[in-house]
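Asker: Here's a sequence, model it:
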Amino acid sequence: MARKGTVRATKVASVERATAMPTSFLRPHASPWQVRAAYAVAVLGSLAIAAALLPFRTELSHTPVAFVFLAPVVASSWLGGAGPGVVAAIVSSASFNVGFLPPYGTFSFERTEYLVAFLAFLTMSVVISWLVGIARERAVAAEDREAEVRLLFDLSHVLVSERAEGLTVALARVAERLGFVMATVREVGDASQLAFPLRVGDARVGTLVFVGDRPPLSSAEERVLRTFADEVALVLQHERLEHDLRDAELYRRTDEMRQTLLATASHELKSPVAAITASVTDLLARDQLDPTAVRDVLEDVRTSTGRLEQLIVNLLDLSRIESGALVARDEIVDLDDLIGPAIDSVRERWPDVGISVELEDDAARVRGDALLIERVITNLLENAARAVRGSADRRVAVTGIRSGAAVTISVVDRGPGLQFGDQRVVFTPFYRLQEGSTPLGAGLGLTISKGFVTAMGGEIWATDTPGGGATFGFRLAAP
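Answerer: Numbers count the residues shown, from 1 in each chain. As a prediction, this is how the structure comes out:
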């Protein structure tokens, strides 16, 4: 549990770090103050260098002076691009010519080599300013691309990390990250809102809409959001495919259940209906009605209708379990109040079956739904009674023990026991019926019992009884 909390805290911290980053991530290639600073460096820097070196011009060689004048060219080009760099090249060249190439104070050249030196310096300055400007533009572009990739990674991380809590939560995080009030997926976006179509191939799956008052998106932000919208479209399409798959699986299971129910109903209804029809027909065929015969017929009719009622109840319970509509109450239940009526019900159908009860003092109470627990006990007892009715030992034992915070109730019989592999499939709907067993209700009672116990948060199982027979047990929480 602590590990899970640590993972969750780490995920929240990473999301908070992502949302704490600046909203505007793309800086302009040269802001106005940078351009002004670049031109200032181009002009004032060159003049400052000339003023600083002017007292030493007779002592300095032309080459180191020229290299010093390249400093404002490089600096202004890096700050503002090629434009300020060219200005710096011109000012530096003029300062170098006037102040450091004889005759001083003029633009004329005393010797040809001075002209060559001036032209070389001017050319070098222009080329350097151009190259530095290009390098700067590429560096800024690379930083912008890196910022785009980082932002897209952050948004994708939020989308994936918050996916477990739902797409709505993930989009809310993304909207906060970008400075919007909210983000949502709609069928069609409003023209007054920022919207991006969600497409998977040629299919449109919706529109990603951002709501909030913030500065217009830059071109880089818009590129990132379009790519992010493609990711959202894939996530949305994946969720819809998962939903369709679940619906298809539910439909398949429902169809199988429907076919099985139809087969079961047609099979199980034949016996009681035929018995009722035969009894009533025989009674009507008599000229004189004997009260004893009438009573026997009515007893047969009552037995057959009881079997029909049990089948209908089982089918309805199975339908509730399969559809997920079953809701169990959580209350403290006294088992002594439930086991007695269950035993009476079973003895009425199988009077020759001996049922004994042995509950430990601390195992007489459990947490669960009283009605469901009684049905489970009744079903397990009927299953055990059905198993021992043809056996020499027709005893069935109900035991209850407490272990820790749970109570285990077991129904033990000495019947033929379980076949190999029955433990894994005995709770499958209609299992015994599919194996050719003919008694009414077989294959439904155990399935319903498993559904009831599971709804109460417990577990149920089947094992072999030592010495022969089968033991069905279930475990519920103790109060």
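
Asker: Can you identify each of the helices in this structure by residue range?
Answerer: According to DSSP state H, the chain carries its helices in the segments 2-19, 32-40, 46-53, 62-80, 82-100, 112-161, 167-178, 219-284, 291-323, 336-349, 370-388, 422-425, 431-434, 445-455.

Asker: Give me the domain ranges for the chain.
Answerer: As given by automatic domain parsing, the domain ranges for the chain are 2-154, 253-323, 331-477.

Asker: closest one to Val412 among the helices of the chain?
Answerer: helix 370-388 (7.6 Å; Cβ to Cβ). For every residue, glycine as well, the C-beta is placed using N, CA and C.

Asker: give me every residue that touches Asp361.
Answerer: When the contact criterion is Cβ atoms under 8 Å, 6 or more residues apart in numbering, Asp361 has no partners at all.

Asker: out of the domains of the chain, nearest to Gly212?
Answerer: domain 2-154 (10.7 Å).

Asker: okay, now the nearest residue to Val126 once chain neighbours are set aside: neighbour count?
Answerer: Leaving aside its chain neighbours, Val126 sits nearest to Ala89 (4.9 Å; criterion: Cβ to Cβ, 6 or more residues apart in numbering). Ala89 has 29 neighbouring residues, counting by other Cβ atoms under 10 Å.

Asker: Can you give me the distance of the residue nearest to Val396 when sequence neighbours are not counted to Ser93?
Answerer: Leaving aside its chain neighbours, Val396 sits nearest to Ala384 (4.5 Å; criterion: Cβ to Cβ, 6+ apart). In this view, Ala384 and Ser93 are 109 Å apart by Cβ to Cβ, to the nearest Å.

Asker: show me the contacts for the residue nearest to Val126.
Answerer: 73, 122, 125-126, 128-129.

Asker: one more time with 7 Å, if that's ok
Answerer: 73, 122, 125-126, 129 (Cβ atoms under 7 Å, 6 or more residues apart in numbering).

Asker: Present the residues you listed as a markdown table; the columns should include distance to Ala203, neighbour count and pLDDT.
Answerer: Putting the contacts of Ala89 into a markdown table (distance: Cβ to Cβ, whole Å; neighbours: other Cβ atoms under 10 Å; pLDDT from 0 to 100) gives the following:
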| residue | distance to Ala203 | neighbour count | pLDDT |
| --- | --- | --- | --- |
| Val73 | 56 | 31 | 81 |
| Leu122 | 62 | 17 | 70 |
| Ser125 | 58 | 27 | 71 |
| Val126 | 55 | 18 | 77 |
| Ser129 | 52 | 29 | 74 |
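
Asker: Now render those as TSV, adding distance to Asp247.
Answerer: Converted to TSV, the contacts of Ala89 look like this (distance: Cβ to Cβ, whole Å):
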residue	distance to Asp247
Val73	70
Leu122	77
Ser125	73
Val126	71
Ser129	67
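
Asker: Alright, calling it a day.
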